[in-house]
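> Here is my input, please return the structure:
(one chain, ligands or ions: 1)
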Amino acid sequence: MGCGQNYIGGRWVEAASGRTFSVRNPATGELLGMVADAGREDVTRAVEAAHGAFPGWAALAAPERAKLLLRAAALMLERKEELARILTSEQGKPLKEAQGEIEYAAGFVTWYAEEGKRVYGETIPASVAHKRLLVIKQPVGVVAAITPWNFPAAMVTRKIAPALAAGCPVVLKPAEQTPLTAFALFQIFEEAGFPAGVVNLITTRDPSEVGRELVENPLVRMIAFTGSTDVGKLLMRGAAAQVKRISLELGGNAPFIVFEDADLDKAVAAAVSSKFRNMGQTCICANRIYVQESILESFATKFVERVRQLKMGNGLEEGVHVGPLIDEGGFKKVCAHVEDAVAKGARILTGGAPRTDGPFAHGHFFEPTVLADVRKGMQILEEETFGPVAPLVPFRDEAEVIRAANDTRYGLAAYFYSQNVSRCIRVAEQLEYGVIGANDAMPAVPQAPFGGLKESGFGREGGREGIEEFLEVKLISLGL
Ligand code: NAP
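I've put the predicted structure just below:
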C-alpha cells in the first residue's frame with residue numbers, strides 16, 4: 001500500500017483513470033504526497049464491495065465487531081505521534097492539538113465498540129392475549145461518509161465507528177485537503193483485521209461526481225455528512241429522490257456570552273481557547289463574543305493581553321498556538337470579514353492583518369485578531385468566519401443577548417459564562433442550539449450527543465444517540 005491509492009474491497013488500488021492529485025502542507029506549501037483522484041467508476045466499485053460485505057458484517061456478533069474496533073483504537077493510540085504529525089502536516093493545526101484530536105478520534109472507536117453491545121430492542125404488551133410484540137434494531141446497510149478537513153481524524157471516526165459497531169459497512173470520502181490522515185487510519189483498519197469490503201476509502205478532487213454516485217447509487221442506504229450547509233442542502237435534495245437516510249452536521253455561528261456575574265479569568269481563558277483553537281476553523285468555535293457592558297473594558301483588556309501571547313507559525317514547531325488557514329478561499333473570507341467590519345466602524349484592538357513575511361511567506365497566515373465596536377449588520381456576525389478573529393459585541397441585559405444569540409439561521413453550539421445557577425438553567429433552555437457550553441468551552445466528547453438545530457443540520461453524532469442513526473427499527477408482531 002502507499003499514498004496514491006484507494007482502499008476498495010480490502011485492496012489498495014489506483015483510480016480507474018490512473019489520475020492523482022497533490023496534497024500540500026498549508027504552512028509551507030511543501031508537497032506531501034500524491035493521492036488517487038477517484039471518479040464515479042471507483043465509487044461504484046467501492047459501494048458494491050461494501051454491499052457484498054454487508055450480510056457477513058451485520059451477522060457478526062457485536063462483541064466480535066467490538067474486538068476489531070478496540071484493536072483499531074489501540075493502534076491509533078500506539079501511533080498517536082505519527083498520526084498527529086501527518087495531521088498537522090496536511091491540516092496546519094498545532095501538533096499538541098493534533099495529538100489531542102487523535103485521542104479524541106480513538107475515543108469514538110472505543111466508545112462505539114462498547115455501545116454496539118447495547119443495541120437493545122424492546123417487548124411491548126400486545127392488545128390481545130395471543131400476540132407478542134417484539135421490536136428489534138438492525139443496521140441500515142451501506143453508509144457513505146463524507147468528511148471535512150478541519151478534523152481529519154475525529155470526523156472520520158465519529159461516523160465510521162458507530163456505523164461499524166451497528167453492523168454497517170462504510171465508504172468514506174475525506175476532504176481533498178486532508179486525505180493523508182484518512183490513509184493512515186485505513187492502514188490501521190486493515191491491520192486491525194476488518195474483513196474485505198467493510199471499510200472502503202475513496203479520495204477525489206471532484207467531490208460533485210463522487211457525491212452524485214454516493215447519493216444516486218441505490219445500494220447506499222445512508223449518507224453521513226459533515227461540512228458546509230450549502231453542500232448539506234445539496235445532498236439532502238439528492239437523498240430525497242430515494243428517500244435515503246441522511247445525517248447532517250453543518251456550519252455554525254456560535255455565540256459566546258459573558259455575563260457580569262461570570263468568573264472573568266475563566267471566561268477569558270475559555271474564550272481564547274474556543275476562538276483560536278484550530279485557527280478558529282471549527283464548526284463550534286466562538287464566532288461572536290457578547291460581553292455585558294459593565295465588564296466589557298476589563299474583559300477586553302485581559303482578552304487582548306492573552307491573544308497577544310499567542311504564537312503563530314508552522315504547527316509542527318514547538319510552542320506554536322496558531323497555524324495557517326487551510327487555503328486561499330478560507331484566507332480570503334477572513335480578510336473580507338475583517339475589512340467589512342472595519343469599514344462599518346469596528347476597531348482593531350490587536351492583529352487585523354495577514355502576515356507574508358519570513359516564515360509566513362508560503363502559507364495563508366492571518367494574525368490573531370480582536371475587534372471592538374462590532375455591531376449587527378457586519379458580515380462577521382452573520383456568517384461563520386472560520387478564522388482567528390474575535391469580534392467583541394457589548395450587550396445590556398439577558399433578554400437582549402438571548403435575542404441576539406438566537407438571531408441566526410444556525411444552531412450548532414453556544415456558550416455562556418455566569419456563576420448564577422438560575423441564570424445558567426434559564427439561558428441554557430432559551431438558547432436555540434444543539435450543544436450548550438455553560439461555563440465550559442469544550443463540550444464535545446464521544447459519550448454525549450453532538451449536533452445542530454436549524455440550518456446546522458440534524459441527526460446526532462456521539463453518545464448513545466449516535467449509533468441510532470445507523471439502525472432501523474423493526475416491529476415483529478408474533479401471533480401465538
Ligand atoms: P464542504 O466544502 O461542505 O466540504 C465537506 C466535504 O464535502 C468535503 O469532503 C468535500 O469534498 C465534500 N463535498 C464538497 N462538495 C460536494 C458535493 N457536491 N457532493 C458531495 N460532497 C461534496 O465543507 P468544508 O469547507 O470542507 O468544511 C467546513 C464546514 O464544515 C464548515 O461550515 C463547518 O462549520 C462544517 N463543520 C461542521 C461540523 C459539525 O459537526 N457540525 C464539524 C466540522 C465542520 P472536497 O474536500 O473535495 O471539497
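> just for the protein, where's the confidence low?
1-3 (pLDDT under 70).
> Mark out where each domain of it begins and ends.
The chain resolves into domains spanning 6-250+456-479, 254-444 when parsed by automatic domain parsing.
> can you put these in a markdown table and add mean neighbour count and distance to Phe450?
Just so you know, the C-beta spots here come from the backbone N, C-alpha and C atoms, and that holds for glycine as well. Compiled in a markdown table, the domains of the chain are given as follows (neighbours: other CB atoms under 10 Å; distance: least, CB to CB, whole Å):
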| stretch | mean neighbour count | distance to Phe450 |
| --- | --- | --- |
| domain 6-250+456-479 | 20 | 4 |
| domain 254-444 | 19 | 5 |
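> Export the ones you listed as TSV, with columns for distance to the ligand.
Shown next, in TSV, are the domains of the chain (distance: least, CB to the nearest ligand atom, whole Å):
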stretch	distance to the ligand
domain 6-250+456-479	2
domain 254-444	3
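> Quick check: phi and psi at Tyr417.
When read as degrees, to the nearest 10, the backbone of Tyr417 gives phi -120, psi 130.
> ok, it - contacts?
257-259, 262-263, 266-267, 270, 439 (CB atoms under 8 Å, 6 or more residues apart in numbering).
> One more pass at 6 Å, please.
Each residue near Tyr417 by CB atoms under 6 Å, 6 or more residues apart in numbering is listed here: 258, 262, 267, 439.
> among these, which are in helices?
Judged by DSSP state H, helices contain the following of those: Ala267.
> and which of the contacts of Tyr417 is nearest to Val334?
Minimum distance to Val334 across those is 23.2 Å, recorded for Val258 (CB to CB).
> Run through the bridge partners of the closest one.
Val291, Tyr417 (DSSP bridges).
> Provide a list of residues in contact with it.
267, 291, 299, 417.
> one step back: adding distance to Ser456, write the contacts of Tyr417 out as TSV.
Listed next are the contacts of Tyr417 as TSV, based on distance: CB to CB, whole Å:
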residue	distance to Ser456
Val258	22
Ala262	25
Ala267	24
Asn439	22
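> any idea where the helices of the stretch 251-400 of the chain begin and end?
Per DSSP state H, counting those that start in this stretch, the stretch 251-400 of the chain carries helices over the ranges 264-276, 296-308, 328-343, 379-382, 398-406.
> The stretch 101-250 of the chain too?
154-166, 179-192, 207-216, 229-240.
> Including distance to Val304, could those go into a markdown table?
Converted to a markdown table, the helices of the stretch 101-250 of the chain look like this (distance: least, CB to CB, whole Å):
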| stretch | distance to Val304 |
| --- | --- |
| helix 154-166 | 31 |
| helix 179-192 | 34 |
| helix 207-216 | 39 |
| helix 229-240 | 32 |
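> Quick one: closest of those to Leu250.
Here helix 229-240 is closest among those (CB to CB), at 4.3 Å.
> Show me what that closest one is packed up against.
Applying 3 or more CB pairs under 6 Å, 6 or more residues apart in numbering; DSSP states H and E, we find helix 229-240 packed against strand 220-226, strand 245-249.
> right, and the helices of the stretch 101-250 of the chain - which one's nearest Phe470?
helix 154-166 (3.9 Å).
> how far is that closest one from where the chain is centred?
12 Å (CA atoms, centre = their mean, to the nearest Å).
> tilt between it and strand 220-226?
Using axes from the mean of the first three to the mean of the last three CA atoms, to 10 degrees, the direction of helix 154-166 lies 150 degrees away from that of strand 220-226.
> could you check the angle helix 179-192 makes with helix 154-166?
Going by the same axes, to 10 degrees, helix 154-166 makes 30 degrees with helix 179-192.
> same for helix 154-166, what does it pack against?
Against helix 154-166 (3+ CB pairs under 6 Å, 6+ apart) you get helix 95-115, helix 463-468.
> Direction-wise, compare it with helix 95-115 and give the angle.
Going by the same axes, to 10 degrees, helix 154-166 makes 10 degrees with helix 95-115.
> Wait, Met76 touches Ala106, no?
Yes - at 4.2 Å, Met76 counts as touching Ala106 under the criterion of CB atoms under 6 Å.
> re the thing from before, what is the nearest of the contacts of Val258 to Ala129?
Using CB to CB, the contacts of Val258 come closest to Ala129 at Tyr417, 58.5 Å.
> Skip the chain neighbours and tell me the closest residue to the most centrally placed residue in the chain.
Nearest to the geometric centre of the chain sits Met155, at 4.7 Å (CA atoms, centre = their mean). In space, and not counting its chain neighbours, Met155 is closest to Thr147: 4.2 Å by CB to CB, 6 or more residues apart in numbering.
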